[in-house]
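**Q** Below is the sequence, then the predicted model.
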Amino acid sequence: MKTTCITLFFLYITALAQPPYYPFGPQTNVSKASLHGWTECWSGSYVDGGYISAILSPCQGDYLLLACGPTGDNTLTLLAAGSRSAITFNTGISNNPINNNGVGWYYGDNWSWGFAKEGDLILRYPCDILDSSIANGTNGDARLCWNTYGE
């Protein structure tokens, strides 16, 4: 079953050092209170979208954490953390993610941005459609995608 994250998308940053809370691989149902060492640098709804440069510019740390969850809830539905260089490595429109910290990251500033569990196949159209009604994949609860097409 694919996790549905339709409300908010969050970006958290940390400074130069690896934060005290640094989860390996995608995590589900995480309390915001457990994000020791992270600072929220951007949030918005999927409907609002936003230019990638405007989203990333306030998020200047060496580590990023991407998450989603319902508005006003203290629990994040899904999150994953990794090095900024891996999370923002331009994979273009390919289905070949960059593996970092148990996560397969993909990023294209005019296609999509997201992650799946390391080793899981992805199929970007432009967002990852595996484990949806179109294609049958695995670990749907560990996938997040932000459409950047047309930005």
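**A** Received the coordinates, thanks. Residues are numbered from 1 along each chain as shown.
**Q** wait, isn't residue 97 in contact with residue 112?
**A** No - judged on CB atoms under 8 Å, residue 97 makes no contact with residue 112 at a distance of 11.3 Å. From N, CA and C alone the C-beta is placed, and that goes for glycine too.
**Q** which residues touch the most centrally placed residue in the chain?
**A** Centroid-nearest residue in the chain, with CA atoms, centre = their mean: residue 66, separated by 3.9 Å. Residue 66 is in contact with 9, 10, 11, 79, 80, 81, 87, 114, 115, 144, 146, counting by CB atoms under 8 Å, 6 or more residues apart in numbering.
**Q** That one: which element?
**A** Per DSSP states H and E, residue 66 falls inside strand 63-69.
**Q** circling back: can you name the residues bridging to the residue nearest to the centre of the chain?
**A** residue 11, residue 80 (DSSP bridges).
**Q** where does it land on pLDDT?
**A** As predicted, residue 66 sits at a pLDDT of 91.
**Q** And the one 3 residues further on, by the same measure?
**A** At residue 69 the predicted local confidence, pLDDT, stands at 87.
**Q** same question, residue 86
**A** For residue 86, the pLDDT comes out at 96.
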